[in-house]
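Novice: any chance you could fold what I've pasted below:
(4 chains)
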2 protein chains.
Amino acid sequence: MASQFVDANPRKLPCQARSKATVDAVITAAAQVLIERGYEGATTARVAERAGVSVGSLYQYFPNKEALIAVLIERHADEIVGIMQQALNDPANATLEDGLRAIIRAGTSAHHLDPTLHKILNEQVPRAGRLAKAMDTSRQITRAIERFLRAHASEMKPGCDPAVAAIVIETALEALAHKAVIERRDLLADGLIEREIFSLIAGYVSRPNGKRRRS
Amino acid sequence: MASQFVDANPRKLPCQARSKATVDAVITAAAQVLIERGYEGATTARVAERAGVSVGSLYQYFPNKEALIAVLIERHADEIVGIMQQALNDPANATLEDGLRAIIRAGTSAHHLDPTLHKILNEQVPRAGRLAKAMDTSRQITRAIERFLRAHASEMKPGCDPAVAAIVIETALEALAHKAVIERRDLLADGLIEREIFSLIAGYVSRPNGKRRRS
DNA sequence: CGAAAATGTGAATAAAGCATCACATATTCG
DNA sequence: CGAATATGTGATGCTTTATTCACATTTTCG
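Specialist: Alright, predicted model coming up:
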């Protein structure tokens, strides 16, 4: 039987500057149209028109619509994973709680980048999941958090499993940041949501006896 | 301009037993096909075939495809809201922590009902959100939780806003139950995920000094 | 310059889905 | 029974969309 995987390889690689610009325009246009019209409304014709090129040009560099979406997904995933890893690897975040604050900030700001696009791409990930390279963002982030937790095991509650805790933290953080940005913009004021998420997560993993802030 | 709202009213109300059976078959078939083929794959033709009726019959009771999906969404939403409210109103849950345990159990078991369908319908809610009656499930649940928290204000951490806490709890619970059922079935064993969620949420809202379980 | 390669075009094609309608069958009930 | 009503049928029309292809334009470089 035929492969169940989608061909995501570019049909042709852009060599000249002109075609690089075309590819860029198409990708940018795809993001814009996706934001404005949603997945269904993002037709190849509309993307091409917005990019100021013809459909034919689009198909010269992307074998099909899914491949185009896949590029956006990968690009966006890399961006978010990068932000997270940077936060966790920053030597300024020496303590467990500082690290938590850093990823919470990173997580919420990642959603700020482009909440609508984030939402749409997220919904498409399962469908595009058939793409070989589109490995889950959340898994990568979860692993990074787990590593961080292990490095700070002494500051954690006893009996707290870093592997499980990392999943819980990543999931809750993602969901709350998403909710705030998409449905509850009011919670973003004064960094309220960030403080709530910190209270939630720190209370969950951080050992209560250690050095405390005044309360 | 034409209305931006979708006509969700049934074209005709089934009077005879025969047609009631048809409507039932169509709705059931829609759920099945949705689970098996996803939203895009759930064509009217396929739903009708699975239901063992003709497309014409389908369109006799549903003006369009969206109306059919809307019925599924409402049905599912009512189910989940019901489970949650029941848990919160159960007089057996006298204490704050007992109530939390109850909604956590309710939330995770709600996902067990039909995780795949839940996921698909959730993704479609925004699209079907244009439907007048399809008011958000999560808002209703959040409100129920908020009421419960207010009734147990004395057991809560001082300075904990019930309105905000309800949003945080609902969001985190939904996300974690979802994650466990869809991607991390392993966490379901021994009720591990329920204990983790309890630890997360109770530590967030429950006042630390009150009566504690041995730990 | 001018030939070859790269890039761009957009009408045409084909496939798929939603929704309709003219007609067939079943049920009700006087 | 038989007329009126309810229900069921599925080929057909229509629209939308992805994708192609024969040809036009631009760029490269000897």
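
Novice: burial measure for A:Pro208, as a count.
Specialist: If you count neighbours by other CB atoms under 10 Å in any protein chain shown, A:Pro208 ends up with 10. No exception for glycine: its C-beta is placed from N, CA and C like everyone else's.

Novice: so who does the nearest residue to it once chain neighbours are set aside touch?
Specialist: By the measure of CB to CB, 6 or more residues apart in numbering or on different chains, the closest residue to A:Pro208 outside its immediate chain neighbours is A:Lys157, 7.3 Å from it. Counting by CB atoms under 8 Å, 6 or more residues apart in numbering or on different chains, A:Lys157 touches A:Tyr204, A:Val205, A:Ser206, A:Arg207, A:Pro208.

Novice: these, buried ones only, as a ChimeraX selection?
Specialist: Typed into ChimeraX, the line below selects the buried ones among those, using 16 or more other CB atoms under 10 Å in any protein chain shown:
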select /A:204,205,206
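
Novice: which of the contacts of A:Lys157 sits closest to DNA strand D?
Specialist: A:Tyr204 (43.4 Å; CB to the nearest atom of the strand).

Novice: can you tell me if whichever strand or helix holds A:His112 touches chain B.
Specialist: Per DSSP states H and E, A:His112 falls inside helix A:96-113. No - applying CB under 8 Å from any CB of the partner chain, one finds helix A:96-113 separated from chain B by no less than 12.7 Å.

Novice: quick check, distance from that helix to the centre of its chain.
Specialist: 12 Å (CA atoms, centre = their mean, to the nearest Å).

Novice: quick check on the residue of chain A at minimum distance from DNA strand C: phi, psi?
Specialist: At 2.1 Å from DNA strand C, A:Gly56 is the closest residue in chain A, using CB to the nearest atom of the strand. Phi and psi for A:Gly56, reported as degrees, to the nearest 10, are phi -60, psi -40.

Novice: repeat that for A:Ser206.
Specialist: Dihedral angles (degrees, to the nearest 10) for A:Ser206: phi -80, psi 130.

Novice: doesn't A:Gly99 make contact with it?
Specialist: No - at 10.5 Å, A:Ser206 and A:Gly99 do not qualify as touching, with contact defined as CB atoms under 8 Å.

Novice: follow-up on the earlier one: what does the helix holding A:His112 contact?
Specialist: For helix A:96-113, the surrounding residues in contact (CB under 8 Å, 6+ apart) are A:79-80, A:83-84, A:86-88, A:90, A:92-93, A:118, A:145, A:148-149, A:152, A:155-156, A:169, A:173-174, A:177-178, A:180-181, A:188, A:193-194, A:197-198, A:201-202, A:205-206.

Novice: can you select the buried ones from these in ChimeraX?
Specialist: Entered in ChimeraX, the line below selects the buried ones among those, by 16+ other CB under 10 Å:
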select /A:80,83,84,87,88,93,118,145,148,149,152,155,156,169,173,174,177,178,180,181,188,193,194,197,198,201,202,205,206
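
Novice: now intersect the contacts of helix A:96-113 with the helices, please.
Specialist: With helices defined by DSSP state H, the entries of the contacts of helix A:96-113 inside them are A:79-80, A:83-84, A:86-88, A:118, A:145, A:148-149, A:169, A:173-174, A:177-178, A:180-181, A:193-194, A:197-198, A:201-202, A:205.

Novice: state the pLDDT value of A:Leu131.
Specialist: Model confidence at A:Leu131, given as pLDDT, is 56.

Novice: contacting chain B as well, which ones from the ones in helices among the contacts of helix A:96-113?
Specialist: Within the ones in helices among the contacts of helix A:96-113, those near chain B by CB under 8 Å from any CB are A:Glu174, A:Ile197, A:Ile201.

Novice: roughly how far apart are the last one and A:Gly159?
Specialist: The reference is to A:Ile201. 17 Å (CB to CB, to the nearest Å).

Novice: now swap in A:Ala153 and tell me
Specialist: Per CB to CB, A:Ala153 is found 11 Å from A:Gly159.

Novice: adding pLDDT and distance to B:Ile35, write the contacts of A:Lys157 out as JSON lines.
Specialist: Formatted as JSON lines, the contacts of A:Lys157 follow (pLDDT from 0 to 100; distance: CB to CB, whole Å):
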{"residue": "A:Tyr204", "pLDDT": "98", "distance to B:Ile35": "34"}
{"residue": "A:Val205", "pLDDT": "98", "distance to B:Ile35": "36"}
{"residue": "A:Ser206", "pLDDT": "97", "distance to B:Ile35": "41"}
{"residue": "A:Arg207", "pLDDT": "93", "distance to B:Ile35": "44"}
{"residue": "A:Pro208", "pLDDT": "85", "distance to B:Ile35": "44"}
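
Novice: which one of the contacts of A:Lys157 sits closest to chain B?
Specialist: A:Tyr204 (4.6 Å; CB to the nearest CB).

Novice: list the contacts for that closest one?
Specialist: By CB under 8 Å, 6+ apart, the contact list for A:Tyr204 reads A:Lys157, A:Cys160, A:Ala165, A:Val168, A:Ile169, B:Ser199, B:Leu200, B:Gly203, B:Tyr204.

Novice: burial of the fourth one, as a residue count?
Specialist: Translated: A:Val168. As a burial measure, A:Val168 scores 28 neighbours (other CB under 10 Å).

Novice: contact partners for the residue nearest to it when sequence neighbours are not counted?
Specialist: Distance criterion CB to CB, 6+ apart; nearest residue to A:Val168, sequence neighbours excluded, is B:Glu196 at 5.5 Å. By CB under 8 Å, 6+ apart, B:Glu196 lies in contact with A:Val164, A:Ala165, A:Val168, B:Leu176, B:Leu187.

Novice: could you export the residues you listed as JSON lines, including pLDDT?
Specialist: JSON lines is the format used below for these (pLDDT from 0 to 100):
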{"residue": "A:Val164", "pLDDT": "98"}
{"residue": "A:Ala165", "pLDDT": "98"}
{"residue": "A:Val168", "pLDDT": "98"}
{"residue": "B:Leu176", "pLDDT": "98"}
{"residue": "B:Leu187", "pLDDT": "97"}
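
Novice: worst-scoring helix or strand of chain A, pLDDT-wise?
Specialist: helix A:115-128 (a mean of 81; mean pLDDT, DSSP states H and E).

Novice: list the buried residues for it?
Specialist: A:Pro115, A:His118, A:Lys119, A:Ile120, A:Leu121, A:Asn122, A:Glu123, A:Gln124, A:Val125, A:Arg127, A:Ala128.

Novice: dump the residue contacts of A:Gln86.
Specialist: Contacts of A:Gln86 (CB under 8 Å, 6+ apart): A:Ala106.

Novice: chain A - how does it break down into domains?
Specialist: A:15-62, A:69-205 (automatic domain parsing).

Novice: dump the ones you listed to CSV, plus distance to B:Ala45.
Specialist: Compiled in CSV, the domains of chain A are given as follows (distance: least, CB to CB, whole Å):
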stretch, distance to B:Ala45
domain A:15-62, 18
domain A:69-205, 21
